[in-house]
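Trainee: Got a sequence here, can you build the structure:
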Amino acid sequence: MNKEEDLQFGGLTNFFEGTKDLISTPERAAMYLNVAAEDEDSRVFLFALKEVIDLQIGGLGNLSKLTLLDRKNLYRIFSENGNPGLNSLHKILKAINMRLKLEPISIDS
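Mentor: Predicted structure coming up:
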């Protein structure tokens, strides 16, 4: 990871400068989240998800209102050691008009 890709999530900064441009449309935000989800470090996805939430709905306070999830719980989810449950993740994604989708991994012989 180079300096431009250095993350700041409890010690990590943005993937890139100008993240707002990268996630300015729902399609771009979905691509951004999909790339982040491929990283082995789950903090990368959570950081990217929080950036999308901040831009699209104005932060965790508004997310709490939309999802009816406790604000303190949301701050824990998006902390450095956050580990959201599947139910919470579904509610969070729905609030930003996204959904979880799985696809098979191609295995090259």
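Trainee: When you work out contacts or count neighbours from here on, use the C-alpha atoms and nothing else.
Mentor: Fine.
Trainee: Flag the helix or strand of this protein with the lowest per-element mean pLDDT.
Mentor: Across the helices and strands of the chain, mean pLDDT, DSSP states H and E gives its lowest value to helix 19-22, namely a mean of 72.
Trainee: what's that one packed up against?
Mentor: helix 26-37 (3 or more Cα pairs under 8 Å, 6 or more residues apart in numbering; DSSP states H and E).
Trainee: And the contacts of the helix it packs on?
Mentor: Identification of contacts with helix 26-37 by Cα atoms under 8 Å, 6 or more residues apart in numbering yields Leu22, Ile23, Val44, Phe45, Ala48, Leu49, Val52, Met98.
Trainee: Quickly note the distance from the last one to Lys72.
Mentor: Met98 sits 23 Å away from Lys72, taking Cα to Cα, to the nearest Å as the criterion.
Trainee: which of the two has more neighbours?
Mentor: Counted by other Cα atoms under 10 Å, Met98 and Lys72 do not tie: Met98 has more neighbours, with 16 against 11.
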